[in-house]
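[1] Attaching a predicted model along with its sequence, questions to come.
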Amino acid sequence: MIRDITFGQYYPGKSVLHRMDPRMKLVLTFAMIVAVFICHNFYALALMVVFAVSAVLLSRVPLRMILKSIKPILIILAFTAVLNIFYTKGGATYFEWWKISVTEKGVNTAIFTVIRIIVLVVISSLLTYTTTPTMLTDAIERLLSPLKIFHIKVHTLAMMMTLALRFIPTLIEEIERIMNAQKARGADLESGGLIHRAKALVPIFIPLMVSSFRRAYELAFAMTCRCYTGGNGRTRMKQMKLRAADFIALLLCLAVIAGIIVLNIFFTRII
Amino acid sequence: MTYPVELRNVSFYYSAGTPIQVAALKNINLKIGRGELVGIIGHTGSGKSTLISHFNGLLRPSEGSVIIDGEDLGNDKETLRAARFKVGLCFQYPEAQLFEETVAGDIAFGPKNMKLPNDEIQSRVLKAAEFVGLRPELLDKSPFDLSGGEKRRAAIAGVMAMEPEVLVLDEPAAGLDPGGKNEILAMITEYRKRTGCTAVLVSHSMEDIANIADRVIVMNGGTIAMDGTVNEIFSRSAELKNMGLNVPEITRIFIRLRELGYDVPTDVYSVEKGAEILREIIGRRSPL
Amino acid sequence: MREKLIELNNVTFTYEADEDGTPGYTAVRDVSLDIYKGEFVAVLGHNGSGKSTLAKMMNAIYEPTEGTVTVNGILVDSEEKGDEIRRIVGMVFQNPDNQIVATIVEDDVAFGPENLGVEPSEIRRRVDEALKTVGMYELREREPHKLSGGQKQRVAIAGVLAMQTQGIILDEPTAMLDPTGREEVLKTIIRLNREIGITVVLITHFMDEAVQADRVVVMDKGEIIADGTPREIFARGEFLREHSLDVPQSTELCRRLGFEECILTPAECVEKISSVLGGAAQ
């Protein structure tokens, strides 16, 4: 069902990763994403894979959830693999037919890139699985708070992000409802040329706008009723505190990055 | 003999073929006869909405077949499209579908999609507006300027204007006050009287179902748990209760009186009939 | 002398005129109403009777065009006062989807107290307590969009509870719910009033909900047309039907049988009939 969309969705738990300071998690996730990109050979990449697997195990997020996050990018993976196999040339030739040839370098690059993308997705989805969106936006708000000196309204931006995350599933359901209602009146959304299809969207788009405005209006009332007046004087239920676990995680990540750099130097570059 | 709506061994799975597959309908067999008014009851998530979405091909069964007016919907695009117009489906809170500049334009959306000639569309718009009790002067207004109740009527008119053989209404009175609700129900009864069409009414209100339906279908856990006349269904109040459903308040009173040992019938669904029965019993008891 | 929580004195509310000069619609006309502390008042009226507008004036979202609103002795005469008022009376709206702000249940309940600047540990305590009161503690880490309508409304109620307001105004909180959801929410509302002593103003058009209140106020065309106990109000079936309302089936049955007192619930109805029939049957 459409409500099952996995988009930055939280998986409740009490693991070490769940309890880490979201600011540290956010910073380390970015650092490790960069680390994936600096891997230049299979040894370095293997270290990254070990890191990702250990992180998954530590998080106690079921494998099924991790696989679910990879599922939507399967097409991209396949596409990348095919592209690399056929277009990267070098080394021994494994297979040749007409204008198509498969070489050692092509196969290696394909495998390398696919693993790299999977690791990227796993690491970033671990962040959203172990951190509630509220914590995440709070962390972003605090990490960006130095920008306040440039008169950037960091709190407002963070609030907008929270509301966007909150309302995406609601709006998707709404679109589905309106589409069904119009299809039941014979609206044809599937056939015809580009112009016809664009015109066919009007009966969907207008009700969606009308209802979104109404929602926004009601939401503003509801927030006023709950004494929301912006970021000033607001406290937070969930406090962020750097603890031992956060520093250990920091050291571990630094060690992995150092390891990758060393492995990059000692072994030949593949990519 | 053909039925306006017939389902044969229909099952429907959400996310079919994935590990998170959920069965929303399990092996449904159903025939709706011409001219019947069928009430569908069941708690939220029992499969009511999934079921009615099969009647006009909005959802395609994972297994089994849906036969509308003798034609298997199969995978033929034309048959499927024809089914949209043969079975007019009006969802809950239909006012959310209004989009045209004028009320008349919105009611005409369905007939236009049917590619009917212009004068036919015009006459259908007027007829549908009259059915739902929208004053002609409202037809040139923007649908967004109407009151809540008028918007609901305009939206229902949009489905009626397709002149479907089967009219399916999902909670047509949701969110309306008692007066508004009674008007909508009266409108449906009147529409059926005049057109003789088959109708399906999904409702949470046992009182309404008892009042207007000929036949009641009870959905539970994606299956048809009960199917029978109003009397047959509401006489099984204990089973209904287990499914999170109830019988009309008036019926509950009579069931309770019966439990207390009074010799009263329990197939009482309207206050009028209940009062009549009790007046007679009280009259017999206390000879004046 | 009972203390007043909300006082409306001759309030009128007219929506602003359109750009094309069409005069605004007057939704509430010269209404005076006092809500006392600890009361459970149901405001009954058909769609468009002005009951929602009235509710919005009670916690200063709308400012009356004429007349005054006083909450807990504070006269609402400026926007700052509005914020003060909303710490005293909270509000729950009809559409559960449009009032939940956060993506996790407990974070949403915390939203109000966070805005009030309450200490973090105190917020935690209040959030847990509020969620337990509405029976949603087990589901505190869920995502709101995966809850049922009744559950969402209970989260919204917990959000007001956590602000520790004296009163709560509920604007048709059950209109979009199924019978199960309606029952859950109604039970929760009754518990807030009877067990915690919160003043409740319930805007509704469901008769069986109004029956549960201490007092029923009936509105039509922006005016209060009746105000009394449920028994006094529901004794006037014909009057209610004239205003697009109704009475419960039990009440109607007993009226038709010519019983003098006004019966409100099926249980009362059965008791009354069996007493008329002379106790135990054969």
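    Yep, it's here.
[2] and stretch C:54-63 with chain B, contact?
    No: on the criterion C-beta under 8 Å from any C-beta of the partner chain, stretch C:54-63 is out of touch with chain B, staying 15.7 Å away. (Each C-beta comes from the backbone N, C-alpha and C, glycine too.)
[3] Next up, the contacts around residue C:48.
    Residue C:48 makes contact with B:147-149 under the criterion C-beta atoms under 8 Å, 6 or more residues apart in numbering or on different chains.
[4] backbone phi and psi for residue B:198, please?
    phi -80, psi 140 (degrees, to the nearest 10).
[5] Can you give me the neighbour number for residue B:274?
    27 (other C-beta atoms under 10 Å in any protein chain shown).
[6] that older thread, same list (the contacts of residue C:48) but as a markdown table, adding secondary structure and pLDDT.
    Converted to a markdown table, those look like this (DSSP: H, G, I helix; E, B strand; the rest coil; pLDDT from 0 to 100):
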| residue | secondary structure | pLDDT |
| --- | --- | --- |
| B:147 | coil | 88 |
| B:148 | helix | 87 |
| B:149 | helix | 89 |
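[7] Serialize those residues to a markdown table and add fields for distance to residue B:214 and neighbour count.
    Shown next, in a markdown table, are the contacts of residue C:48 (distance: C-beta to C-beta, whole Å; neighbours: other C-beta atoms under 10 Å in any protein chain shown):
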| residue | distance to residue B:214 | neighbour count |
| --- | --- | --- |
| B:147 | 32 | 11 |
| B:148 | 30 | 13 |
| B:149 | 27 | 22 |
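[8] of all those residues, which comes closest to residue A:246?
    Distance ranking of those against residue A:246, using C-beta to C-beta, places residue B:148 first at 53.3 Å.
[9] Find the nearest non-adjacent residue to the closest one, please.
    In this structure, residue B:148 finds its nearest non-sequential neighbour in residue C:47, 5.4 Å apart by C-beta to C-beta, 6 or more residues apart in numbering or on different chains.
[10] One more: residue C:205?
    Nearest to residue C:205 is residue B:177, by C-beta to C-beta, 6+ apart, at 4.2 Å.
[11] Show the pLDDT at residue 219.
    Answering for chain A, as no chain was given. pLDDT for residue A:219: 95.
[12] Chain C is the one I meant
    96.
[13] thinking again about what came up before, test my guess that the residue nearest to residue C:205 contacts residue C:244.
    Yes: in this structure, residue B:177 is within contact of residue C:244 by C-beta atoms under 8 Å, at 5.3 Å.
[14] tell me, what's touching the two both at once?
    C:46-47.
[15] Strands along the chain, start to end?
    I went with chain A, as the question did not name one. A:93-97, A:100-103 (DSSP state E).
[16] could you do chain B instead?
    Using DSSP E, strands in chain B cover B:5-14, B:22-32, B:37-41, B:63-68, B:71-72, B:87-90, B:166-170, B:198-202, B:215-220, B:223-229.
[17] Quickly compare the ones you listed and say which is most buried.
    strand B:87-90 (a mean of 27; mean count of other C-beta atoms under 10 Å in any protein chain shown).
[18] partners of that one, with directions?
    strand B:166-170 (parallel) (DSSP bridges).
[19] Between strand B:22-32 and the strand it pairs with, find me the angle.
    140 degrees (axes from the mean of the first three to the mean of the last three C-alpha atoms, to 10 degrees).
[20] buried ones in stretch A:15-32?
    A:16-18, A:20-29, A:32 (16 or more other C-beta atoms under 10 Å in any protein chain shown).
[21] Let me fix that, I meant to ask about stretch A:84-98.
    A:84-85, A:88.
[22] remind me which residues of chain C are low pLDDT?
    C:1, C:279-282 (pLDDT under 70).
[23] Tell me how far stretch B:112-130 lies from the chain's centre.
    Relative to its parent chain, stretch B:112-130 has a centroid offset of 23 Å by C-alpha atoms, centre = their mean, to the nearest Å.
[24] I meant to write stretch A:188-205 there.
    Distance, centroid of stretch A:188-205 to centroid of chain: 31 Å (C-alpha atoms, centre = their mean).
[25] now the residue nearest to residue B:148, what's its secondary structure?
    coil (DSSP: H, G, I helix; E, B strand; the rest coil).
[26] got the contact list for it?
    Taking C-beta under 8 Å, 6+ apart, one finds B:147-149, B:175-177, B:180, C:205, C:244 in contact with residue C:47.
[27] Residue of chain C nearest chain B, please.
    residue C:244 (2.8 Å; C-beta to the nearest C-beta).
[28] burial count for that residue?
    Residue C:244, neighbours per other C-beta under 10 Å, totals 22.
[29] Equivalent analysis for residue A:150, please.
    Residue A:150 has 7 nearby residues by other C-beta under 10 Å.
[30] now residue C:243
    By the criterion of other C-beta under 10 Å, residue C:243 has 21 neighbours.
[31] What distance do you get for it to chain A?
    Noted for residue C:243: a distance of 27 Å to chain A, by C-beta to the nearest C-beta, to the nearest Å.
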